[in-house]
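Asks: predicted model, plus sequence, below.
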Amino acid sequence: MNAKTTLTWVLGGTLLLALGASMGRVATTPGDREVHHLTAHASSSSVPNWPVPRSAAMPAGETSFVRAAEASVDAVVHVQTASVVPDQSNPWLSMLGMAAGRVAQGSGSGVVVDDKGLIVTNHHVIQGARDIRVSTSNGQSYPAEVVGSDPSTDLAVLKIEPSAPLAAMTFGNSDDVRVGEWVLAVGNPLNLTSTVTAGIVSAKGRNIRLLESNASHDIHPVESFLQTDAAVNPGNSGGALVDLDGNLIGINTAIASQTGSYAGYSFAIPSSIVAKVTHDLVEFGRVQRAYLGIQVDARATGVRIGSIQTGGGAEAAGLQRGDLILAVNGIDVSSFPSLQEQLSKHRPGDKVRLDVWRQGARRQMEVTLTDRKGTTELDKSHLQPIAVPQASAPTAPPAPAPDVLEHWGVQLEEAPSSLKQQLKLRGGLIVQNMRDGAWKRQGLRRGFILLRIDGRPVLTSKDVELAVRQAQRDGQDGVLLEGMYSNGERAYAGVAVPDAHP
């Protein structure tokens, strides 16, 4: 019987394993690495026949590897995270589905895409992180804020404030990548920083069913991975896959492995998807996803339309059940993942040209893409799960609904500027008064500075209300509070969600 192949996130510290469509979290604590020196012992006292050094001139292929590595290695950073790992020591928090827990360290990679400090990484690298730090190739370390994150594509964008312009990577066109093409994987596997490995593109448009769908949280996976045989290991997650010109053609994300370490194949998110998601997260705080308005016949070969959704762009354009979609804007699509990849580059309201095979003839049709509701309006509500920090202090918004704070028994005010400067905080609300209530019963004291609720940064009073309303919409029983005191002491508490309706 053949051993089962496991799909593994390439994230240091914690391995997320998926078998088929199911996924589970397996915590691992890597031990110290052992480096074995392989020494050849001569059997006689004669002078060894050392190999003759080769000429300094390298073959053209090797020269290309060197150029690509030099062009990309400084634009790949080391992403280190600290997360709260729940335990079961507090029965009250356990009933709420959370726990005070211990702090666990994680490690991954990221790619600088703007010299002012924008970094792309994987969503699973920073998911649930309490603190994020980014280290550049020259040894500088910076605190990072999450600009936005998209579980549907497993991508996230971070922002740091570098002391000088950073080396940034140029986006390549993953649509032009060919099977058999040489590529380099650049990242920080096993905490070995600035590591470069080489391989070829072994397949395109792979759907490995790594991402899980969750319609209630608007998570609709988009998978069309580049498959390579470049060696990738835990810690490479979020790192760069580059072509021989040093251009970014993918973000390394997962490996196929029976052991959790590299076993032959790795998978990267194509740069066509990365570029679109990055721009959307920076501009809107969430991804503007576009749809044709069709269901694909999973039993048919190729991309054959199984049904047409009422009110969508496909219906308006005259597409019919049974039509075979051959290309999008001149780029061939032969599978549903490849169709997803092309659509993921667009926003609602964009027009695309489809090549369709119908009744023995090829024809072209123009379709206006829509959102899932069938509209062409962009979502500007900024309902992303993580708030985007502002460069300048915003005008103080209204305080949270009185019944929320009354239920919790606390009075919150914006932390003084001097205290934020002392503790190097971007925001936070300080507890000025506290009566007997949920916060006090969890051990919090006057002077506690609230920094995050369920991982969402709290920069102003409005963020408290938004976090509570989101928890109510999600049907949560409790939320996790994270913060600190003026002496640097960290504190965490799980409190019940107020009964107030959003």
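Replies: Arrived safely.
Asks: how about low-confidence regions in the protein?
Replies: 1-62, 84-103, 215-218, 381-406, 499-502 (pLDDT under 70).
Asks: tell me how it divides into domains.
Replies: 1-25+61-287, 294-368, 402-496 (automatic domain parsing).
Asks: do I have it right that residue 202 meets residue 179?
Replies: Yes - look at residue 202 against residue 179 with C-beta atoms under 8 Å: they come within range, at 6.8 Å. Any C-beta I mention is one placed from the backbone N, CA and C, and that applies to glycine too.
Asks: neighbours of residue 495, how many?
Replies: 23 (other C-beta atoms under 10 Å).
Asks: also residue 337?
Replies: 18.
Asks: for the one 4 residues further on, same thing?
Replies: The number of residues packed near residue 341 is 26, by other C-beta under 10 Å.
Asks: OK, contacts around it?
Replies: Taking C-beta atoms under 8 Å, 6 or more residues apart in numbering, we find residue 341 in contact with 205, 222, 224, 270, 272, 273.
Asks: what's the first helix or strand after the helix or strand containing residue 337?
Replies: Secondary structure assigned from DSSP states H and E places residue 337 in helix 336-343. Sequence-wise, the next helix or strand downstream of helix 336-343 (DSSP H and E) is strand 351-358.
Asks: which other residues reach that next one?
Replies: Contacts of strand 351-358 (C-beta under 8 Å, 6+ apart): 317, 319-320, 322-330, 342-343, 346, 362-369.
Asks: list buried residues within the residues you listed.
Replies: Using 16 or more other C-beta atoms under 10 Å as the burial test, the contacts of strand 351-358 include 317, 319, 323-328, 342-343, 346, 365, 367-369 as buried.
Asks: which one of those is nearest residue 415?
Replies: Distance to residue 415, by C-beta to C-beta, is smallest for residue 346 among those, at 42.0 Å.
Asks: how close does that closest one get to residue 325?
Replies: 15 Å (C-beta to C-beta, to the nearest Å).
Asks: now do residue 262
Replies: 36 Å.
Asks: for residue 163, same thing?
Replies: From residue 163 to residue 325 the distance is 50 Å (C-beta to C-beta).
Asks: list the contacts of the residue nearest the centre of the chain.
Replies: Central residue of the chain (C-alpha atoms, centre = their mean): residue 123, 2.0 Å from the mean position. Residues near residue 123 by C-beta under 8 Å, 6+ apart: 149, 150, 151, 153, 154, 155, 156.
Asks: so what's residue 374 closest to, chain neighbours aside?
Replies: residue 311 (4.0 Å; C-beta to C-beta, 6 or more residues apart in numbering).
Asks: a helix runs through that neighbour, doesn't it?
Replies: No - Residue 311 is assigned coil when assessed by DSSP: H, G, I helix; E, B strand; the rest coil, not a helix.
Asks: next one: phi and psi at it?
Replies: phi 90, psi 0 (degrees, to the nearest 10).
Asks: which residues in the stretch 351-500 of the chain form helices?
Replies: Remark: helices assigned in the stretch 351-500 of the chain by DSSP state H, counting those that start in this stretch are 402-408, 417-423, 438-441, 461-473.
Asks: tell me how far the residue nearest to the centre of the chain lies from residue 344.
Replies: For residue 123, the distance to residue 344 - C-beta to C-beta - is 15 Å.
Asks: same check, this time on residue 489
Replies: For residue 489 relative to residue 344 (C-beta to C-beta), the value is 44 Å.
Asks: and for residue 209?
Replies: 17 Å.
Asks: these two - which one has more neighbours?
Replies: Remark: of residue 209 and residue 344, residue 344 carries more neighbours, 21 against 15, as counted by other C-beta under 10 Å.
Asks: list the contacts for that one?
Replies: Going by C-beta under 8 Å, 6+ apart, the list of residues near residue 344 reads 153, 222, 224, 272, 273, 276, 277, 289, 290.
Asks: could you dump the residues you listed to CSV with neighbour count?
Replies: Shown next, in CSV, are the contacts of residue 344 (neighbours: other C-beta atoms under 10 Å):
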residue, neighbour count
153, 27
222, 21
224, 24
272, 23
273, 26
276, 21
277, 30
289, 23
290, 22
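Asks: in helices, which of those residues fall?
Replies: 272, 273, 276, 277 (DSSP state H).
Asks: quick one: which of these is nearest to residue 170?
Replies: residue 272 (14.1 Å).
Asks: look up how far residue 342 lies from that closest one.
Replies: Distance from residue 272 to residue 342, counting by C-beta to C-beta: 8 Å.
Asks: just residue 477 next, same as before
Replies: Distance from residue 477 to residue 342, by C-beta to C-beta: 42 Å.
Asks: how about residue 369?
Replies: 11 Å.
Asks: for residue 412, which non-adjacent residue is spatially closest?
Replies: Residue 412 sits nearest to residue 429 (C-beta to C-beta, 6+ apart), 4.2 Å away.
Asks: ok, that neighbour - contacts?
Replies: 412, 413, 414, 415, 449, 450, 458, 460, 461, 464.
Asks: what does residue 298 give?
Replies: 306, 336.
Asks: that one: what secondary structure?
Replies: Quick answer, by three-state DSSP: residue 298 is coil.
Asks: mind listing the helices for the stretch 101-250 of the chain?
Replies: 123-126.
Asks: circling back to that earlier point, who has more neighbours, residue 202 and residue 179?
Replies: residue 202 (18 against 11).
Asks: any idea how far the more buried one is from residue 336?
Replies: In terms of C-beta to C-beta, residue 202 sits 20 Å off from residue 336.
Asks: which residues does residue 411 contact?
Replies: Applying C-beta under 8 Å, 6+ apart to residue 411 gives the contacts 405, 431, 432, 433, 434.
Asks: any idea how far the third one lies from residue 142?
Replies: Pointing back at residue 432 there. 32 Å.
Asks: related to what we said a few turns ago, let me have the helices of the stretch 351-500 of the chain in a markdown table, extended by mean neighbour count.
Replies: Formatted as a markdown table, these follow (neighbours: other C-beta under 10 Å):
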| stretch | mean neighbour count |
| --- | --- |
| helix 402-408 | 17 |
| helix 417-423 | 12 |
| helix 438-441 | 17 |
| helix 461-473 | 19 |
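Asks: who wins for proximity to residue 135 among those helices?
Replies: helix 417-423 (21.4 Å).
Asks: please enumerate residues in contact with that closest one?
Replies: The contact list for helix 417-423 (C-beta under 8 Å, 6+ apart) reads 425, 426, 427, 428, 430, 449, 484, 486, 488.
Asks: what is the burial count for the last one?
Replies: The reference is to residue 488. Neighbour number of residue 488 under other C-beta under 10 Å is 8.
Asks: in the helix or strand hosting residue 83, what counts as buried?
Replies: Element membership of residue 83 [criterion: DSSP H and E] is strand 76-85. By 16+ other C-beta under 10 Å, the buried positions in strand 76-85 come out as 76, 77, 78, 79, 80, 81, 83, 84.
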